[in-house]
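S.K.: build the 3D model from these lines:
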Amino acid sequence: MPASDRPDANGSQRESAGEASGGPDLEGGVEALAGAVERLVEEHVSLRERAARADRLERGLSDALEDSDLEGLSSTDVSERLRELAEENERLREVIRESRARAERLRSRLVLMEDEA
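M.R.: Numbers count the residues shown, from 1 in each chain. Model prediction:
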């Protein structure tokens with residue numbers, strides 16, 4: 001127990017000068033408490049906003065999963081499917097490159113035929 005809260009020789013409790021008048025110790029404590037409460041409220045608001053964003057993201061991801069063919073697949077299955085899709089995309093890119101080259105050759109032949117005509 002702090003010395004200021006111990007009973008004095010007469011059995012009554014002593015108070016410090018600041019406490020008796022509601023002085024600086026009490027005011028400083030109240031201000032510190034008010035600041036702590038304000039910070040807690042701000043943190044609470046921040047956490048609620050983060051939780052709301054996480055909920056929206058989770059709902060969006062769940063909806064996307066339901067709309068996909070991936071529902072019920074394991075992460076290994078999903079990884080394998082992504083690898084297959086990447087390979088297919090590369091094959092399609094190669095087909096597009098070849099088609100562009102053929103189109104360019106055909107265009108060149110047409111230009112040559114026009115020049116000869």
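S.K.: SS state for L73?
M.R.: Classification of L73 using DSSP: H, G, I helix; E, B strand; the rest coil returns coil.
S.K.: residues near it, how many?
M.R.: By the other C-beta atoms under 10 Å criterion, the neighbourhood of L73 contains 14 residues. Yep, even glycine has a C-beta here, placed from its N, CA and C like the rest.
S.K.: let me know the pLDDT of the closest residue to it other than its chain neighbours.
M.R.: For L73, ignoring the flanking residues on the chain, the nearest one in space by C-beta to C-beta, 6 or more residues apart in numbering is R81 at 7.2 Å. According to the model's per-residue confidence, R81 sits at a pLDDT of 85.
S.K.: and R81, how many neighbours?
M.R.: R81 is flanked by 14 other residues according to other C-beta under 10 Å.
S.K.: quick check: phi and psi on it?
M.R.: Backbone geometry at R81, expressed as degrees, to the nearest 10, gives phi -60, psi -40.
S.K.: break the chain into its domains for me.
M.R.: In terms of domains, the chain is parsed into 21-67, 74-117 (source: automatic domain parsing).
S.K.: check what pLDDT V78 gets.
M.R.: Confidence for V78, expressed as pLDDT, is 81.
S.K.: could you give the number of residues near it?
M.R.: By the criterion of other C-beta under 10 Å, V78 has 13 neighbours.
S.K.: weakest of the domains of the chain by average pLDDT?
M.R.: Taking the mean pLDDT of each of the domains of the chain, the lowest value is held by domain 21-67, a mean of 86.
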